[in-house]
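> Predicted model, plus sequence, below.
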Amino acid sequence: MNNSETLRPEEIAPLPSLDVWEDDVLARYPEPETKAKEEYRNYDNPGRDTVREFYRLNHQYQTFDFVQQKKAEFLKFDKKELAIWEMFDYLNTLVDDSDPDIELDQLQHLLQTSEAIRADGHPDWFVLTGLMHDVGKVLCLFGEPQWAVVGDTFPVGCQFSDKIVYPEFFALNPDSKDERYNTKYGVYEPNCGLRNVHMSWGHDEYLYHLLKDYLPEPALYMIRYHSFYAQHRENAYEHLMDDHDREMFGWVKKFNPYDLYSKSPKPPVVEELKPYYSELLAKYLPAVIRL
Ligand SMILES: [Fe+2]
Ligand SMILES: [Fe+2]
């Protein structure tokens, strides 16, 4: 399996929409003072089956070779040019409005995240990180399967941790039977630093590469590792991290609650916020991004 042409339609889009993955993460890591919602505990909920199927595909197909292929394919940035507001417009077309649980579109999620960061008085590049952190989902423009755009991320090329959600599905991944990749360190050295580690492919890694020349390092860590729950919530990959990663993960952990818990009942009014964010975007990023 190396490209979407060999996949069946139900393997490309197991979820009714990409947001279903994020809803599931929120159920797994509820805000400390709230209890997990009953509906999420109900494993008969048909919504759960699509999430399970999504993870089955993700864990089966995200191999070391798959990641190398996707990097070769997408890190050439030879596909398209888009202005940033065009990217937001595109992301909004990904919302499936047949799902009654989803009231916010992608841009509203991004603005709620960034506005919560701004309200806490953080530096402007942190606010910008909130605004941009999910823009890597533009990968959907190119017909990528959902499990290669969203989902918890994890290192490939070494043993998969049982702290990753649905670890049993890694038995389907050929790397778990490949002795180059199935030991604790696999192709890596102890504490080699995450910059030397290949992560499963998705919107986080892609956006990191899109923005790496423009944002300060803490912002880039937040972008690159925001779905790496097995580390920033479960500390399962300490053995690959160096001291610099540990320092930078302070920022990743600081960012995560804004991503998960910033949903407010009052949706942001895009037109009111647009002048502030247009200026912020212009301060750090080029007008047009090459995808
Ligand atoms: Fe994300
Ligand atoms: Fe997000």
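Cool, got the structure. Ligands and ions are numbered 1, 2, ... in the order given.
> What residues does the stretch 101-250 of the chain have near ligand 2?
Taking CB under 5 Å from the ion as the measure of proximity, the stretch 101-250 of the chain contacts ligand 2 at Asp134. In short, each C-beta sits where N, CA and C put it, glycine included.
> all helices for the stretch 101-250 of the chain, in order.
106-119, 124-132, 203-211, 217-225, 229-232, 243-261 (DSSP state H, counting those that start in this stretch).
> Counting by contacts, list what the first one packs against.
Looking back up the chat, that one is helix 106-119. Packing partners of helix 106-119 (3 or more CB pairs under 8 Å, 6 or more residues apart in numbering; DSSP states H and E): helix 84-92, helix 124-132, helix 243-261, helix 270-284.
> pull the helix or strand with minimum mean pLDDT from the chain.
helix 38-41 (a mean of 48; mean pLDDT, DSSP states H and E).
> buried stuff in stretch 83-98?
Buried residues in stretch 83-98, counted by 16 or more other CB atoms under 10 Å: Ile84, Met87, Phe88, Tyr90, Leu91, Leu94, Val95.
> my bad, stretch 244-262
245, 248-249, 251-252, 254-256, 258-262.
> Any chance of the helices of the stretch 101-250 of the chain in JSON lines with distance to Lys274 as columns?
JSON lines is the format used below for the helices of the stretch 101-250 of the chain (distance: least, CB to CB, whole Å):
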{"stretch": "helix 106-119", "distance to Lys274": "10"}
{"stretch": "helix 124-132", "distance to Lys274": "11"}
{"stretch": "helix 203-211", "distance to Lys274": "20"}
{"stretch": "helix 217-225", "distance to Lys274": "21"}
{"stretch": "helix 229-232", "distance to Lys274": "31"}
{"stretch": "helix 243-261", "distance to Lys274": "20"}
